[in-house]
Structure formats: C-alpha cells, structure tokens
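Engineer: Test case, fold it:
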Amino acid sequence: MKPGELLRSMLDAAVDAALPERVIGAHLPEPPEGATFVIGMGKASAAMARALEERWPGELDGLVITRYGHAVPCERIEIVEAAHPVPDEAGQAAAARILEMVAELGADDLVIALISGGGSSLSALPAAGLTLADKQDVNRALLRSGANISEMNCVRKHLSAIKGGRLAAAVAPARLVTLMISDVPGDDPAVIASGPTVPDPTTRADALAIVEKYGIGLAGHVRAHLESDGCETPKPGDAAFERTENIMIATPQSSLEAAARIAEAAGYRTHILGDSIEGEARDVARVMAGIVKQVRKYGQPFKAPCVLLSGGECTVTVRGTGCGGRNVEFLNALAVELDGMEGVFALAADTDGVDGGAEVAGAVIAPDTLARAEAKGLNAKKVLADNDGHGLFAALGDQVVTGATLTNVNDFRAIIIERDRTGGGGA
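Structural biologist: Purely as a prediction, here's the structure:
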C-alpha cells in the first residue's frame, strides 16, 4: 500500500470507529414508565438521533441541533440545522425550544441527551441581558485568540442560559442520561459542547481570567455580566444532578486504536503518542519533527518503518490574512521543519470533516511538498507566517476532503516514517 493510501485508510478507520450507528446501541438506557424525550446538540447529534431511533423499543419524541450540512432524516426526532463555529439565530431559537420542552417533563419521564463536538456554538442561547450579537462577538474573538477548547468553553458557559449544567437543571425532576462523543482532550464531559448536562467546576473568575489572558475586548454590559454572581453555573453536588448519568460512547483514543490496527496490518510498528495533545499547531509540529528526526537518525525512541499517531486539539493564533485551520497549520509547519526529509509522509485532519472554518478536513504532506510549492511560486515559510495553510494545500492539490462525517472525535494526525535507505539509525 502506498503511503498516501495508508494515511487515508487510517483516517477512514478512525472516523468509522466513532460513527454513531456503530457505538450507540450498547449504551441505551432502560425505557421509563413515562415518556422518552430526546434532545441534543453537536455535529454528530443528528446521526446519533437516527441511530437511537432505529434501536429504541418504544415511543419517543425530541429535537436536536446540528451543523448545516450535517442533518440526516429522522422520523420522530426533529432535526434543526444551525451555524458553527459562529452561532446564529437558528441555533438560538432551537436551544430556547429545547428548554421549553424539557421544563414540562415529570419524574417518571426520561430525557436522553445526545452531545457531541460543536454543540456549544450550535446551541448558543444568551443569558438574560445578553444578545446573540454579544455571543457572536465573543466567539469570534475566542476563535482567533489561540485559546484552547477548555478555555473557550469556560467563557461560553458563563454567558449562556443553557450550558454549564443549566440544561440539566431545566430537565429535573426527569431522569437524564447523556450519551457523548468526545472531541476534547481528556474526554472531560464538562468541556464537550460546554457541558450543558454536567456540573461546571469553573467559575466566573476563571472566565474573566481567560478574557484577560488573551486580551479579548468585551462590551461593558458583557463584562458586567461576567462580574456578577448571577452568571455562575451549577456546581458539583447541586441537586440538579441527582438523577443524571453521563456515558462516553466514542473517544479519540478508540479511534486512534482503530487506525493503529490498519497500520500494523500493513507491516508498520505503530505508536500512539497521545490522544490529548494541545498547544499551538506550529509548536506541536516542531516537537513532532524532532521525534521524526531522532527516529531517522538514531532509531530512537522507535525503529523505522513506523507510524506515529496522535490526537487532541491544537490551536492557531491567527495573525496573518489566512483563515488558520489547526490541521493545515500543523502540516505546513511540519513540512518546513522536515525540509524535504526522505521517507516521511503525514496526514492531519479533523474527524468531523471541517478544519477551522473551511469545508476541508485537512491535508497530506510528502518529501516533495516544499519543492512542489516552490515550483508554484509559494514559499511555505511565508505561507505559515500568514496562517494560510488552506491556500497552500489547495494550490498543491493535497487537501483531504471527506465531507460531513457525521461524527467528531477531535483531530487525527498520522506520520509514516519509512526505513532509512542510506543506512541511518532508523534501519
């Protein structure tokens, strides 16, 4: 199998391992004496809803919110599409409807919440005194700031009427079972989609500290909201969570393991370096390049031929005119650091099919990436400084386009290191 084919096969296996129809059946709760209502938000929520419908033994009703282009047909659960990563009116209206619907349920009823990555933006319901425009402004600033997902969601929770456990409070006294697909480092339920159904351990002081850390300008009334006790979220131990259960049905680690099986079957030693790697994409690339060079030169810490797999969510502080995209930025930086090193191939992609704001999952690089870029009049270092990885890989024809995968287990990175034919330490 050629390196490019192996890279794509590993990505496909990682995505396939996290598809809702493959994982949801083993985690369904017992039907209640009363009604069953399904709610959800996230890029995978519609696919989760359909998988649930196909397997649920009784009556059910509900509403879930997913990203434009990620809807799938359901018979009993209403699907609403909304905007991501910057929220819009459709998501706001649907989130308000969800709160109204669950408020009517009783102790004999069951709510199944289907939560996946992207749910925070898709269910943007501003707290009292704030507007959708306020949320949009803060969200745009966070996306460009270099803040990681945990930091972004901490701020979002404290500006919301539904996140940070507030949805669970609205569901009570009904029983609440949350089925989650993790897209965050560490699989923290409180971070996925800003934790609408789980206790929030962060505080408004934490949110203000993040705003200060990244120099995010806030309108006066938004800052006043964060400075008030009224913005605080339900905490661990709150009575709202007495009848709640949280179940992780798909994780980045399980997807990395699926990809590893593909590489091993192709004859490569395979090493998972971590499922929760964070940091600026170009800095992570620099570290990965250092590992690759050590493998090629000394056969340490691994012998070639081998495959290095990793997951997590890097960040990009956008300072240039490009649109960023953490996977293409990682690859742009990796190509620069490797400088045409023979026998090294890599792929990085978001498992939901969207890297940053572009409808492109990611890209691939090979030993000739820099040379082909130069032949087209492109300087990869200058492109990196401009945060325009998408432009670089579009020009080279090296983008990875999957379309909407209907799941989301964070970023996927794979590096193939072939045997050093010159007799170096990797042999």
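Engineer: can you give me the end-to-end distance of stretch 354-364?
Structural biologist: Distance across stretch 354-364, first residue to last, is 15 Å (C-alpha to C-alpha, to the nearest Å).
Engineer: hmm, who's touching it?
Structural biologist: Identification of contacts with stretch 354-364 by C-beta atoms under 8 Å, 6 or more residues apart in numbering yields 4, 7, 11, 43, 67, 85, 316, 323-328, 331, 345-353, 389-390, 393-394, 398-402, 404-405, 411-412. Every C-beta, even on glycine, is put in place using the N, C-alpha and C of the backbone.
Engineer: Now find how far off-centre it is within its chain.
Structural biologist: 12 Å (C-alpha atoms, centre = their mean, to the nearest Å).
Engineer: For it, which residues meet the burial criterion?
Structural biologist: Val354, Asp355, Gly356, Ala358, Val360, Ala361, Gly362, Ala363, Val364 (16 or more other C-beta atoms under 10 Å).
Engineer: re earlier: now, the contacts of stretch 354-364 that are in strands?
Structural biologist: Residues of the contacts of stretch 354-364 located in strands (DSSP state E): Arg67, Phe345, Ala346, Leu347, Ala348, Ala349, Asp350, Gln399, Val400, Asp411, Phe412.
Engineer: so which of the residues you listed comes closest to Arg50?
Structural biologist: Closest approach between the ones in strands among the contacts of stretch 354-364 and Arg50, by C-beta to C-beta: Arg67, at 15.2 Å.
Engineer: tally of neighbours for the closest one?
Structural biologist: Each residue near Arg67 was counted by other C-beta atoms under 10 Å, and the total is 29.
Engineer: Find the nearest non-adjacent residue to it, please.
Structural biologist: Among residues not flanking Arg67 along the chain, His84 sits closest, at 4.5 Å (C-beta to C-beta, 6 or more residues apart in numbering).
Engineer: same question, Ala258
Structural biologist: Take Ala258 and drop its neighbours on the chain: the residue closest to it by C-beta to C-beta, 6+ apart is Ala17, 3.7 Å away.
Engineer: Then Lys293?
Structural biologist: Nearest residue to Lys293, sequence neighbours excluded (C-beta to C-beta, 6+ apart): Met341, at 7.4 Å.
Engineer: check contacts around the one you found.
Structural biologist: Val292, Lys293, Arg296, Pro367.
Engineer: tell me what the helix or strand hosting Arg296 is packed against?
Structural biologist: Using DSSP states H and E, Arg296 falls within helix 281-298. Judged by 3 or more C-beta pairs under 8 Å, 6 or more residues apart in numbering; DSSP states H and E, helix 281-298 is in contact with strand 269-280, strand 306-315, helix 326-338, strand 411-417.
Engineer: which one of these lies closest to Leu159?
Structural biologist: strand 306-315 (20.2 Å).
Engineer: before we move on, the earlier item: if you count neighbours, what's buried in the helix holding Arg296?
Structural biologist: Ala281, Arg282, Val284, Ala285, Arg286, Met288, Ala289, Ile291, Val292, Lys293, Val295, Arg296.
Engineer: Could I get the average pLDDT for that helix?
Structural biologist: Mean pLDDT, helix 281-298: 98.
Engineer: now it: how far from the chain's centre is it?
Structural biologist: Distance of helix 281-298 from the chain centroid (C-alpha atoms, centre = their mean) equals 24 Å.
Engineer: do the same with stretch 122-134
Structural biologist: 22 Å.
Engineer: In CSV, list the C-alpha atoms belonging to that stretch.
Structural biologist: Written as CSV, here are the backbone C-alpha positions of stretch 122-134 (Å, rounded to 0.1, in the frame of the first residue of the first chain):
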residue,chain,number,x,y,z
LEU,A,122,-24.9,25.3,17.8
SER,A,123,-27.0,25.9,21.0
ALA,A,124,-26.0,29.5,21.7
LEU,A,125,-28.7,30.8,24.0
PRO,A,126,-27.5,34.0,25.6
ALA,A,127,-28.1,34.6,29.3
ALA,A,128,-30.6,37.2,30.4
GLY,A,129,-29.4,40.7,29.5
LEU,A,130,-27.1,39.5,26.6
THR,A,131,-27.8,39.2,22.9
LEU,A,132,-26.8,36.8,20.2
ALA,A,133,-24.6,39.5,18.8
ASP,A,134,-22.8,39.6,22.1
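Engineer: low pLDDT regions in this protein?
Structural biologist: In the predicted model, the chain carries pLDDT under 70 at residues 422-427.
Engineer: Show me which positions of the helix or strand encompassing Met48 end up buried.
Structural biologist: Here Met48, judged by DSSP H and E, is contained in helix 45-55. Residues of helix 45-55 classed as buried by neighbour count (16+ other C-beta under 10 Å): Ser45, Ala46, Ala47, Met48, Ala49, Arg50, Ala51, Leu52, Glu53.
Engineer: The first one and Ile77: what is the separation?
Structural biologist: When distances are taken as C-beta to C-beta, to the nearest Å, Ser45 and Ile77 turn out to be 9 Å apart.
Engineer: shared neighbours of these two, anything?
Structural biologist: Val64.
Engineer: could you measure the spatially closest residue to Leu125 that is not a sequence neighbour against Pro196, distance?
Structural biologist: Nearest residue to Leu125, sequence neighbours excluded (C-beta to C-beta, 6+ apart): Ala95, at 3.9 Å. According to C-beta to C-beta, Ala95 and Pro196 sit 9 Å apart.
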